[in-house]
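Trainee: no sequence on this one, just coordinates:
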């Protein structure tokens, strides 16, 4: 139940039960009343409580507190009530039958009116009357464009900073007419209204937009800003007035604040509703244009289709509100709370959203071109398909926002928090994203051509089928990012960290890779044509099915790299580290592997004819089925290498004429092939029908056993004896 603060205080001093329902009441649980109801009640026209005694004052309830009634009870306590003049005559003629105070004693106690008894103010009223009578010499005569206006000097002197005080200054030098007046060429009606306010605090009855503007201009001319402020305050106070029918409807529906306000299609234009408690209000299609709704509580309210153009909604609470199709053009929503608000189809033309909280708000397809969204919180907001061209997003928070299909071309998103954002198919051409955090963001099919992504965090970011043509990713971090089928043609990837990233079938044509980290990255079937490769880290990378023809990878650390089915024709691996690398079925024809370290590498079924393995380390390497036709293995180290079905035609066989074919003969072969292994059915091209002399028995027979340690053929019957001979050395 609703009571004023004073009534609650006095009642709870003697009882802890509600005076209406008699239920227990705890003072700590009392809450402020409904400000909307208080605002509506303040606009009710009331009369003075002394109307029975003859007081004719009527006015808004909000002005009743400042009303000073001239009617008082008789100090003689006879029951008569009247003005000071009536009471004075009543006491002077002896008509009073009460036994109270005398006239002087009854009117004053201790030299001041008694606050407890209004009748004690009679003497003060007489003194005010004497002060109201002003001597002629204390008046200033004004002739305002032919209209005579007299103003007390005391009033003019009270406004020391205004031009009016100069009229009361005899040394001002203003010309005085023969009748003692000053002629002023200004509007008489406006000056008269200003003087009435100075004398009585009264403002014109009719105040429209045009009259307020004209009177404000007059106030500025006379250097009287207080008058202009009073005008605007009065306009706002009058705007609060709501028709009695509307008040009745509100009281009926809300049950004195117990229910939800239901005023669909109501006309509340130009109303003053600042701070009103309208949580959950039903205001569908309501007219609220130019209404002052600052700090209003409209959480979970239904404002679908409402007219809110030019409305003041600064710091308003619109969390969870339904604003679908609402007209918010030119509305001021600075600092407003729009968390989880629905704004589909709303008109936001020139809407001020500075510092607004739009967390989780639905802005799907909104037209936000040239919008000022500075410092706006758009966390988890739905902006799919929204138009943001030319918008100011400085300081905006876009973490986990839904921006699918949004156009953010040329936007400045430097150092912006975009973690977890959905930017699928988003247009970010030439966008500035320096230092932005796009961790876990979805940028699949996004267009980032010529975007500035320096030092951007792209860890675990989805960039599948994204276009990053000529983008600058210098010093960016893309660990474990997904760049499958992405296009990075001409991109600057200097110092980019792509370790663990998926770059399957990605295109890097003419890209610059200087000190790029591709360790553990998957580059299967990636296009690396004409790529500038300098100091790139490729350890454990997956380059299977990649075309690296004519690439210069000399000196690179390629430990554990997967080159399965890669095309490495004429590639230069001089001095490269290829330990544990997978080169299964790789095309190494004419490749240069001079002094390369291929220890434990797997070259099964690789094509290496014409390759240069001179001084290469192939210890424990798997060379099964490798075609080493015409390859150069001079001083190559093959300790423990697996050479099953390896083809050495014209490259390794010691008994065939020609210096190229004696690469493993002599002391070098014995020293490098320390672990002698006999390989069954070792083939030298098509030599199964050839016969050779056994080095032990001298018999001519088909050579089927090759001693890698000695570089000789022995017949099958002499193999055990040859092994015993080696053991005895």
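Mentor: That came through fine. Model, not experiment: these values are computed from the prediction.
Trainee: So residue 62, which state does it fall into?
Mentor: helix (DSSP: H, G, I helix; E, B strand; the rest coil).
Trainee: For residue 637, which residues count as its bridge partners?
Mentor: residue 617 (DSSP bridges).
Trainee: That one contacts residue 616, doesn't it?
Mentor: Yes. At 7.3 Å, residue 637 counts as touching residue 616 under the criterion of C-beta atoms under 8 Å. No exception for glycine: its C-beta is placed from N, CA and C like everyone else's.
Trainee: can you give me the strands in the stretch 501-650 of the chain?
Mentor: 512-514, 532-534 (DSSP state E, counting those that start in this stretch).
Trainee: Please name every helix or strand in contact with the first one.
Mentor: With contacts taken as 3 or more C-beta pairs under 8 Å, 6 or more residues apart in numbering; DSSP states H and E, strand 512-514 sits against strand 532-534.
Trainee: Residue 637 and residue 616: which is more packed in?
Mentor: Using other C-beta atoms under 10 Å, the more surrounded residue of residue 637 and residue 616 is residue 616, with 30 against 22.
Trainee: residues touching that one, list them.
Mentor: Residues counted as contacts of residue 616 (C-beta atoms under 8 Å, 6 or more residues apart in numbering) are 593-598, 633, 636-637.
Trainee: And the residues you listed, which two are furthest apart?
Mentor: Within the contacts of residue 616, 597 and 633 form the most distant pair, 14.6 Å apart (C-beta to C-beta).
Trainee: Quickly note the distance from the nearest residue to residue 478 once chain neighbours are set aside to residue 570.
Mentor: Of all residues not flanking residue 478 in the chain, residue 458 sits nearest, at 4.2 Å (C-beta to C-beta, 6 or more residues apart in numbering). Distance of residue 458 to residue 570, computed by C-beta to C-beta, to the nearest Å: 34 Å.
Trainee: go on, residue 506?
Mentor: For residue 506 relative to residue 570 (C-beta to C-beta), the value is 23 Å.
Trainee: Please identify which of the two sits among more neighbours.
Mentor: A count of neighbours by other C-beta under 10 Å puts residue 506 above the other of residue 506 and residue 570, at 29 against 17.
Trainee: Find me the pLDDT at that one, would you?
Mentor: What the model reports for residue 506 is a pLDDT of 93.
Trainee: so it sits right up against residue 482, yeah?
Mentor: No. At 9.9 Å, residue 506 does not count as touching residue 482 under the criterion of C-beta under 8 Å.
Trainee: Report the buried residues of stretch 190-210.
Mentor: 190-191, 193-195, 197-198, 203-204, 207 (16 or more other C-beta atoms under 10 Å).
Trainee: List just the nearest of these to residue 357.
Mentor: Of all these, the one sitting nearest residue 357 is residue 207; the distance, using C-beta to C-beta, is 36.1 Å.
Trainee: pLDDT score for the closest one?
Mentor: pLDDT, residue 207: 69.
Trainee: cool, residue 332 as well?
Mentor: We have a pLDDT of 92 for residue 332.
Trainee: any idea how far it is from residue 350?
Mentor: From residue 332 to residue 350 the distance is 10 Å (C-beta to C-beta).
Trainee: Which one's more surrounded, the two?
Mentor: Neighbour count, other C-beta under 10 Å: between residue 332 and residue 350, residue 332 has more, with 19 against 14.
Trainee: I'd say the more buried one and residue 309 touch.
Mentor: No. If you go by C-beta under 8 Å, residue 332 and residue 309 don't touch, sitting 11.0 Å apart.
Trainee: Let's have the buried residues of stretch 190-210 in JSON lines, adding secondary structure and distance to residue 180.
Mentor: Shown next, in JSON lines, are the buried residues of stretch 190-210 (DSSP: H, G, I helix; E, B strand; the rest coil; distance: C-beta to C-beta, whole Å):
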{"residue": "190", "secondary structure": "helix", "distance to residue 180": "23"}
{"residue": "191", "secondary structure": "helix", "distance to residue 180": "18"}
{"residue": "193", "secondary structure": "helix", "distance to residue 180": "24"}
{"residue": "194", "secondary structure": "helix", "distance to residue 180": "21"}
{"residue": "195", "secondary structure": "helix", "distance to residue 180": "18"}
{"residue": "197", "secondary structure": "helix", "distance to residue 180": "25"}
{"residue": "198", "secondary structure": "helix", "distance to residue 180": "20"}
{"residue": "203", "secondary structure": "coil", "distance to residue 180": "30"}
{"residue": "204", "secondary structure": "coil", "distance to residue 180": "29"}
{"residue": "207", "secondary structure": "coil", "distance to residue 180": "34"}
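Trainee: Would you convert those into JSON lines that also reports distance to residue 620?
Mentor: Below are these laid out as JSON lines (distance: C-beta to C-beta, whole Å):
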{"residue": "190", "distance to residue 620": "104"}
{"residue": "191", "distance to residue 620": "108"}
{"residue": "193", "distance to residue 620": "105"}
{"residue": "194", "distance to residue 620": "104"}
{"residue": "195", "distance to residue 620": "109"}
{"residue": "197", "distance to residue 620": "104"}
{"residue": "198", "distance to residue 620": "106"}
{"residue": "203", "distance to residue 620": "102"}
{"residue": "204", "distance to residue 620": "104"}
{"residue": "207", "distance to residue 620": "99"}
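Trainee: Mind picking the one among those residues that's closest to residue 421?
Mentor: Closest to residue 421, out of all of those and judged by C-beta to C-beta, is residue 207, at 50.5 Å.
Trainee: sorry, back to before: CSV for the contacts of residue 616, including pLDDT and distance to residue 486?
Mentor: CSV is the format used below for those (pLDDT from 0 to 100; distance: C-beta to C-beta, whole Å):
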residue, pLDDT, distance to residue 486
593, 92, 31
594, 91, 35
595, 91, 36
596, 94, 31
597, 94, 33
598, 93, 32
633, 82, 40
636, 85, 40
637, 86, 41
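Trainee: Closest one of the residues you listed to residue 494?
Mentor: Using C-beta to C-beta, the contacts of residue 616 come closest to residue 494 at residue 596, 26.6 Å.
Trainee: List the residues that contact that closest one.
Mentor: 573-578, 613, 616-617.
Trainee: can you check residue 194 too?
Mentor: The contact partners of residue 194, by C-beta under 8 Å, 6+ apart, come to 215, 218-219, 222, 224, 227.
Trainee: Out of those residues, which is nearest to residue 533?
Mentor: Nearest to residue 533 among those is residue 219, at 75.9 Å by C-beta to C-beta.
Trainee: picking that back up, of the contacts of residue 194, which is the most crowded?
Mentor: Highest neighbour count within the contacts of residue 194: residue 215, with 23 neighbours (other C-beta under 10 Å).
Trainee: what's that residue sitting at in phi/psi?
Mentor: For residue 215, the backbone dihedrals (degrees, to the nearest 10) come out as phi -70, psi -30.
Trainee: Then residue 407?
Mentor: Taking degrees, to the nearest 10 as the convention, residue 407 sits at phi -100, psi 110.
Trainee: That one: neighbouring residues, count only.
Mentor: That count, for residue 407 with other C-beta under 10 Å as the rule, works out to 20.
Trainee: From the contacts of residue 194, which land in helices?
Mentor: 215, 218-219, 227 (DSSP state H).
Trainee: Can you tell me which of those residues is nearest residue 8?
Mentor: Closest to residue 8 out of these is residue 227 (38.8 Å), distances taken as C-beta to C-beta.
Trainee: Am I right that that closest one is in contact with residue 197?
Mentor: Yes. Under the criterion of C-beta under 8 Å, residue 227 makes contact with residue 197 at 5.9 Å.
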